[in-house]
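[1] The sequence isn't on hand, but the structure is:
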């Protein structure tokens, strides 16, 4: 068991191996490991984030559904109200139209009646005068007897 | 058992002798050097294959396995070493996987590799008894001391780089007793503490693996009983192998972390 030149040889081998390892072995492997670790960490973080996002989206969708339902029922309610309102308005308008037409017709009828009455009265007066003329067989001074005639006409 | 005519002592000695080339200090343990470099290349090529195609997409199974090791070392280093230094983590990875692979050779049954080497040696015309092949590099003090020495040099380098030479000397002399006339005493204490770090690193790894290997060799000599015993010891050793690799790694990181910090 003697110390000899083997030691020097081993020392040189040791130095060469360590240098080779330091230059060509260690950096690529540790680099790959660290990059992969980073990738895995990123992947895990991304999946966590995605899960969070999904939960948020689901909650949002649920909320939106509830909102939409509420909005829909509100729209329906409003539509019903509006419908009733329109019907009522139409009824009121129709009533008014009816009253107006009725009143107009009445007024026309009244006017016609008055005109016919007036016509009739004039014709009766003329008839009465003609009758009286015939009865009396003489001509009546229309001017002298107009007061009697007027009175007669008024009595008709 | 290598062969019947060998005595136990010969057998053990044979298993614990390195294939040496050269004389005196300039002897080189070819088996230690060869197996350790072979294991180092297995580590570098298999990890480099992943590094070349590494991307942040879905990993292949082999990439997953490599990334588990890298991630493990990275988290260990990050929990211990708080500075910014691009060398520490690759250094820890190299030490961990390299030492682990070298220790794993300990689980190869003790005769496989030496016996194969002897057959090859015999085929090439050498005397099989003089062909030595001690496969586990971490059972050779040269190996563990080389690792510890590398770490020690880095400790000194970063101590001086982070604190300056003055700061480093101050750290060695002004504690634990902050009194000028005790500085020499502090210095002795601190130098011993400093030297103990690489020494304990090297001896701990060497001791554990050498003892484990020795017990495997002893078990291999017990005839038929070696099968259950070998199994039990191998299971236990399966715990020791990664543990020693991990201890070496984590202590390296701790020592370098201490070198970076001001006390």
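    Perfect, thanks for sending it. The structure presented is a predicted model; accordingly, all values stated were derived computationally and were not measured.

[2] Helix or strand: which one has residue 113?
    No chain was given, so I picked chain A. Using DSSP states H and E, residue A:113 maps to helix A:26-136.

[3] hm, I was asking about chain B
    Residue-wise, residue B:113 maps onto helix B:112-123 under DSSP H and E.

[4] who does that helix touch, helix- and strand-wise?
    With contacts defined as 3 or more Cβ pairs under 8 Å, 6 or more residues apart in numbering or on different chains; DSSP states H and E, helix B:112-123 has no helix or strand neighbours. Bear in mind the C-beta positions are built from the backbone N, C-alpha and C, glycine included.

[5] same question for it, mean pLDDT?
    For helix B:112-123, mean pLDDT is 87.

[6] now stretch A:50-62
    97.

[7] sorry, back to before: wondering if the helix holding residue A:113 reaches chain B at all.
    Yes - with Cβ under 8 Å from any Cβ of the partner chain as the criterion, chain B is reached by helix A:26-136 at A:26-33, A:35-36, A:38-39.

[8] if we can go back for a sec, chain center to the helix holding residue B:113: distance?
    Centre-to-centre, helix B:112-123 and its host chain are 25 Å apart (Cα atoms, centre = their mean, to the nearest Å).

[9] List the buried residues of it.
    Buried residues in helix B:112-123, defined by neighbour count with 16 or more other Cβ atoms under 10 Å in any protein chain shown: B:113-115, B:117-118, B:121.

[10] what's near enough to touch residue B:69?
    By Cβ atoms under 8 Å, 6 or more residues apart in numbering or on different chains, residue B:69 lies in contact with B:93, B:96-97.

[11] which of these come close to chain A?
    Checking the contacts of residue B:69 against chain A (Cβ under 8 Å from any Cβ), the matches are residue B:93.

[12] Among the contacts of residue B:69, which lie within helices?
    B:93, B:96-97 (DSSP state H).

[13] who touches the lowest-mean-pLDDT helix or strand in chain A?
    Within chain A, judged by mean pLDDT, DSSP states H and E, the helix or strand with the poorest mean is helix A:142-155; its value is a mean of 75. Residues from elsewhere that reach helix A:142-155 (Cβ under 8 Å, 6+ apart): A:121-122, A:124-125, A:128-129.

[14] Now render those residues as JSON lines, adding pLDDT and neighbour count.
    Shown next, in JSON lines, are the contacts of helix A:142-155 (pLDDT from 0 to 100; neighbours: other Cβ atoms under 10 Å in any protein chain shown):
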{"residue": "A:121", "pLDDT": "88", "neighbour count": "15"}
{"residue": "A:122", "pLDDT": "88", "neighbour count": "12"}
{"residue": "A:124", "pLDDT": "87", "neighbour count": "14"}
{"residue": "A:125", "pLDDT": "86", "neighbour count": "16"}
{"residue": "A:128", "pLDDT": "84", "neighbour count": "14"}
{"residue": "A:129", "pLDDT": "82", "neighbour count": "18"}
